[in-house]
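# With the sequence up front, the predicted model follows.
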Amino acid sequence: NAGVTQTPKFQVLKTGQSMTLQCAQDMNHEYMSWYRQDPGMGLRLIHYSVGAGITDQGEVPNGYNVSRSTTEDFPLRLLSAAPSQTSVYFCASSPSEAHYGYTFGSGTRLTVV
Amino acid sequence: GQSLEQPSEVTAVEGAIVQINCTYQTSGFYGLSWYQQHDGGAPTFLSYNALDGLEETGRFSSFLSRSDSYGYLLLQELQMKDSASYFCAVRATFKARSYQLTFGKGTKLSVIP
C-alpha cells in the first residue's frame, strides 16, 4: 500500500496565483485533514473531512478551500496565493475521526514569492 | 482553545534515557498523542494515552496524568537515529461539534555520541 500520497513535493508560486495540492490515500480511511507547518509553530489544522461530501474548517482556514468527492481524495486549493502561505503542507488520514493515530503524507513544500 | 507547552530543545547522550514533558490546557480532553518527525520528513505516530498511566512500546513509553494536565514521552537506550523533533498533541473538543488534534510546537532532540 502507498499510504498517503501528496503531490507535488515542491512548488513555487507567484503572489496571486492559484493552485491545488493533491492528497490521496489508499487505506479506505474516512477521516482526512490538512495541516500547515511553519518554523517554531508546530502543525496547525487548516481543513478536515470526516467522510466523502463532508468538510469543515480548522484553526487556520482563510485562503484555502477543500472538497471531498471521494473517500480517497482530499485536495487543498489555494485561491490567491500570498507570501504568508509559504509553508510545508501535510495531509493526514485515519480510519475515523475518533481514531487516535494519523498517517501523514510526505508533505508539499510551497514557496510564494 | 487549546494550548500545549513542551521544551524547544533537548540534548542527550547515546545509550542514555531522556524524558520530554508536555503540559496542556484544554477543554473536552480525550487523549494525548506523540509524534516523531525527522528533518525534512513527515510526522509519524508513536503513542497515545487516553487514561492515566504508562504505555510502553519497545524503547518508547508515554505517560499521562489527566488531573495534572501533564504527560511525557520517555525514550530509553537512545540511538543516533532518535535525533528528531517530537510533538505532543491533544485530542480535544473543537468547535463544540467534533474533536481534533492540536499539536504542540515540538521538541528537537539531539542525540550525541
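The structure has been received and is ready for your questions.
# now the lengthiest strand in chain B: mean pLDDT?
If you go by DSSP state E, chain B has its longest strand at strand B:84-94. Across strand B:84-94, pLDDT averages out at 91.
# how about A:Asp56, what does it touch?
A:47-50, B:95, B:98 (C-beta atoms under 8 Å, 6 or more residues apart in numbering or on different chains). Any C-beta I mention is one placed from the backbone N, CA and C, and that applies to glycine too.
# The residue positioned nearest the centre of chain A sits in which helix or strand?
Closest residue to the average C-alpha location of chain A: A:Trp34 at 3.1 Å, with C-alpha atoms, centre = their mean. Taking DSSP states H and E as the definition, one finds A:Trp34 inside strand A:31-38.
# Show me which residues of stretch B:47-66 are buried.
Neighbour counts using 16 or more other C-beta atoms under 10 Å in any protein chain shown place B:47-49, B:55, B:60-64 of stretch B:47-66 among the buried residues.
# Among these, which pair sits farthest apart?
Greatest spacing in those, by C-beta to C-beta: B:Phe60 and B:Leu64 (14.0 Å).
# right, quick check: whatever helix or strand B:Ala12 lives in against chain A, any contact?
In the assignment (DSSP H and E), B:Ala12 maps to strand B:9-13. No: Strand B:9-13 lies out of reach of chain A by C-beta under 8 Å from any C-beta of the partner chain, never closer than 11.4 Å.
# per-residue confidence averaged over that strand?
Mean per-residue pLDDT for strand B:9-13: 97.
# And it, what's buried?
With burial defined by 16+ other C-beta under 10 Å, the residues of strand B:9-13 counted as buried are B:10, B:12.
# And for A:Gly40, the neighbour number?
A:Gly40: 8 surrounding residues under other C-beta atoms under 10 Å in any protein chain shown.
# Verify the stated contact: it with B:Thr107.
No: with contact defined as C-beta atoms under 8 Å, A:Gly40 does not reach B:Thr107; the gap is 11.9 Å.
# out of the contacts of A:Asp56, who has the most neighbours?
With neighbours taken as other C-beta under 10 Å, the top of the contacts of A:Asp56 is A:Tyr48, carrying 25 neighbours.
# Distance-wise, check that one relative to A:Gly58.
Using C-beta to C-beta, to the nearest Å, A:Tyr48 is found at 6 Å from A:Gly58.
# Could you point out which of the buried residues of stretch B:47-66 is nearest to B:Gln36?
Ranked by distance to B:Gln36 (C-beta to C-beta), the buried residues of stretch B:47-66 are led by B:Phe60 at 8.8 Å.
# backbone phi and psi for that closest one, please?
phi -100, psi 140 (degrees, to the nearest 10).
# Pull the contacting residues for it.
Residues near B:Phe60 by C-beta under 8 Å, 6+ apart: B:34, B:46-47, B:73-76.
# Strands of chain A, residue ranges please.
Using DSSP E, strands in chain A cover A:4-7, A:10-13, A:19-25, A:31-38, A:42-51, A:54-57, A:64-66, A:76-78, A:87-94, A:103-104, A:108-112.
# Adding mean pLDDT, write those strands out as JSON lines.
Output for the strands of chain A, formatted as JSON lines (pLDDT from 0 to 100):
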{"stretch": "strand A:4-7", "mean pLDDT": "97"}
{"stretch": "strand A:10-13", "mean pLDDT": "97"}
{"stretch": "strand A:19-25", "mean pLDDT": "98"}
{"stretch": "strand A:31-38", "mean pLDDT": "96"}
{"stretch": "strand A:42-51", "mean pLDDT": "94"}
{"stretch": "strand A:54-57", "mean pLDDT": "94"}
{"stretch": "strand A:64-66", "mean pLDDT": "98"}
{"stretch": "strand A:76-78", "mean pLDDT": "98"}
{"stretch": "strand A:87-94", "mean pLDDT": "97"}
{"stretch": "strand A:103-104", "mean pLDDT": "97"}
{"stretch": "strand A:108-112", "mean pLDDT": "97"}
